[in-house]
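In: Model the structure of this input:
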Amino acid sequence: MQPLFVNLAADVLESALRPGAVQHGFVTANERLKRELNHALTRHAQTSGLHCWRQPRVQTLREFKVECFASLVSKEPDQPGIADALTLNLLMLRHAPQGAQWTVDLALDAFEKCAAYRIDVDADAFVTTANARSFAAWHRSVRADLKALDLITEADVAARLVERVDQAREHLHLLGFEHLPPADLAWLNALGRAGYQITRHRPVPVHGSCQSIGFDHFAHEIRAAAQWARAQLAADPHATVGVVVPDLQAQRHTIRSAFAAEFAGLTAASAYTWFDVSGGDRLSDHPVWQNAARLLKLCVDRITSDDLNRLIRSNEVDLGIRHLASDLPQLLTIDILASHAAGPTIPRLRQIAGRRVNTLAQWAGLFAELLANAGWTGRSMTSGAYQAYVQIKRVIDLVRQNVSSSQSSGAGGPKFSSQQMSGRAALMDLQRLLANSIFAPAVTRAPIQILGYLETNSLKFDHLW
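Out: Next comes the predicted model:
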C-alpha cells in the first residue's frame, strides 16, 4: 500500500466524504498537495466505506480561480480572456529593456506580484530608482498590449471575481497556505459573505526527535541523505520519507543523480521509482532541445565540429551523415556542410533555411519545418524524452500561432508582431522562452519525497532530512 503524506485530521476527510446537504471542496496551495490529498481521500473512502455520490472537489487555488472565471465568462461573454504563460512571456520578452532579456523570468514574477499585491508601479513611492522606473515602463508597455488584445493575467482574475460572486452553499477547505496575497484574500472573503463556509486548515502537530549534523559540501550531504533514506525504507518499507532542500531547483540534477546511484539495482524496477524530486528542469536544458537547437543553429548560424559530432550521434535527429570529412573547418554552416555531405537531407535543410523570413512567427514556422525534415519527430524516444519533445513542440507551435494571430489585431496589437529579426535572434528568443518553461515528466507516486520548504506545508513524514 502506498504511503500517505498529507497532514490532515481524519475527521475532516470523513466529513467531506459523508453524504450531506453541503458540498465539500478542497483548495490546495500547490499541485503536490492536491495529488496527495486526492490519494488520501481515495484511501479513506476505501478503508471507511464512505462513498458520497459526488466526490469532493480537489483543486489548486489557480485551478479554482480559473474555473470560477470560466463560469463568469459563460454569463458575461464580454469578459477578457486569460493570457497563457507563453503569450505573457512573449510580451515581456519583446518589451524588455536593452540588455535585460535574460531577466524576463524575474520581471514576470514581479509583474504578477504587482497584480496580486495591488502595487501601483506609477506611484511616487515605487519609482524611486532607475531600475524601478525601467520596470514601471516595462510594466506599462505589457499592460497596454494585454489591453489591446483584450487579455488579463491569472494574477488579475481574483480582482475580476471579487465583485461578481454568486450565492452558494459549499464548504471550502484551504490547505497549505501560510500566506495569501491581498487580491486572493479579498476574493475568498467575498465568497464567505456569499454563503461559502471557508476553513483554513493548519497542519496537525507532529512530535519527534532531531539531531544536527554538518557536511563540507552539498554533494556529500545529498549522498548521505540518499543513504539515510534507503536505510529508513529498509527498516520500514511503508515509511514516509521526506528530504527538504532549500535551493532545490539549482541542485535538482545533483540530487537526482545521487539518489539514482544509491537506489540503482535495488529491485528490478527503475531507481527513479523510489523517489520524486519536486519541480522540474528548464526545457532549454533538456537534451531533446539541445540537439534540436544545435540543428537550428547549424541552419541559421554556425556550430562547432564538436557540436556537429553530437548531432550525428544523437537519437533525436538524423542528418543522413555517418562520418565527417577530416578537412572540415572548426566552425560549420549549412552551406559548408552541404558541400561535403552526401545524401538528400543536408541539401533539403539548406534549401529550407535559405527562404526569406523576417518575423518571429515566420521563423518559428521555418524552425518547425527544419526539425521535421531532420527527423525530429519524437520517434524512438524514451517516455521522459518524448514528454519533453511534446512540450517543446507545443511552445514552437504556440509561438507561431499566437504571434501570427496577433498580427491581425490592428494598430493596437503587440508592437512585436511584425518586428523583423535574423534567424539567430529568433533562435535566441525561442531559447529564452524555453528557459522560462519548466518541464517535469509525469511520474508515479514514490515513498521518498524530495521537495522545497514551501511544499512541505500540510504534508507529514515519518522521517525527515
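In: Need the outlier residue of this structure, farthest from its centre.
Out: Distance from the centre of the chain peaks at residue 327, with 44.0 Å (CA atoms, centre = their mean).
In: now it: how far from residue 339?
Out: 11 Å (CB to CB, to the nearest Å). All C-beta atoms are positioned from the backbone trio N, CA, C, and that covers glycine.
In: now swap in residue 92 and tell me
Out: Taking CB to CB, one finds residue 92 at 41 Å from residue 339.
In: Show me which of these two is the more surrounded one.
Out: More crowded of residue 92 and residue 339, by other CB atoms under 10 Å: residue 92, with 25 against 10.
In: Now do whichever helix in the chain runs longest, average pLDDT.
Out: In the chain, ranked by residue count with DSSP state H as the criterion, the top helix is helix 383-406. Averaging pLDDT along helix 383-406 gives 81.
In: how far out from the middle of the chain is that helix?
Out: 13 Å (CA atoms, centre = their mean, to the nearest Å).
In: Start from the N-terminal end of the stretch 1-150 of the chain and give the helices.
Out: 10-17, 31-48, 61-75, 85-94, 104-116, 130-148 (DSSP state H, counting those that start in this stretch).
In: can you state the direction angle for the helix or strand following the longest helix of the chain and helix 85-94?
Out: Following helix 383-406 in sequence order, the next helix or strand is helix 423-435 (DSSP states H and E). Between helix 423-435 and helix 85-94, the angle comes out at 130 degrees (axes from the mean of the first three to the mean of the last three CA atoms, to 10 degrees).
In: Check which helices and strands helix 423-435 is in contact with.
Out: Under the contact definition 3 or more CB pairs under 8 Å, 6 or more residues apart in numbering; DSSP states H and E, helix 423-435 sits against helix 85-94, helix 287-300, helix 360-373, helix 383-406.
In: Those helices into TSV, with extra columns for distance to residue 444?
Out: Formatted as TSV, the helices and strands packed on helix 423-435 follow (distance: least, CB to CB, whole Å):
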stretch	distance to residue 444
helix 85-94	26
helix 287-300	22
helix 360-373	31
helix 383-406	12
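In: Which of the ones you listed sits closest to residue 199?
Out: helix 85-94 (30.9 Å; CB to CB).
In: mind checking how far residue 72 is from residue 295?
Out: From residue 72 over to residue 295 (counting by CB to CB), the distance is 45 Å.
In: How many residues are close by the residue lying closest to residue 72 once chain neighbours are set aside?
Out: Of all residues not flanking residue 72 in the chain, residue 164 sits nearest, at 5.6 Å (CB to CB, 6 or more residues apart in numbering). Neighbour count of residue 164, defined by other CB under 10 Å: 15.
In: Repeat that for the one 5 residues further on.
Out: Residue neighbour count, defined by other CB under 10 Å, stands at 11 for residue 169.
In: Was I right to think it contacts residue 191?
Out: No: Residue 169 lies out of contact with residue 191 (CB atoms under 8 Å); the separation is 11.6 Å.
In: where's the closest residue to residue 239 other than its chain neighbours relative to residue 32, distance?
Out: Once flanking residues are discounted, residue 239 sits nearest to residue 462: 4.4 Å by CB to CB, 6+ apart. Per CB to CB, residue 462 is found 18 Å from residue 32.
In: Which residue of those two possesses the greater neighbour count?
Out: The residue with more neighbours, out of residue 462 and residue 32, is residue 32; 23 against 16, by other CB under 10 Å.
In: Disregarding flanking residues, what is the spatial nearest neighbour of the more buried one?
Out: Residue 32's closest residue in space is residue 455 (CB to CB, 6+ apart), at 5.4 Å.
In: Who are the contact partners of the one you found?
Out: 30, 32, 33, 278 (CB atoms under 8 Å, 6 or more residues apart in numbering).
In: helix, strand or coil for it?
Out: helix (DSSP: H, G, I helix; E, B strand; the rest coil).
In: Give me the pLDDT for it.
Out: 85.
In: next one: residue 200
Out: For residue 200, the predicted pLDDT is 94.
In: Residues in a beta bridge with it, which ones?
Out: Listed by DSSP bridges, the beta-bridge partners for residue 200 are residue 174.
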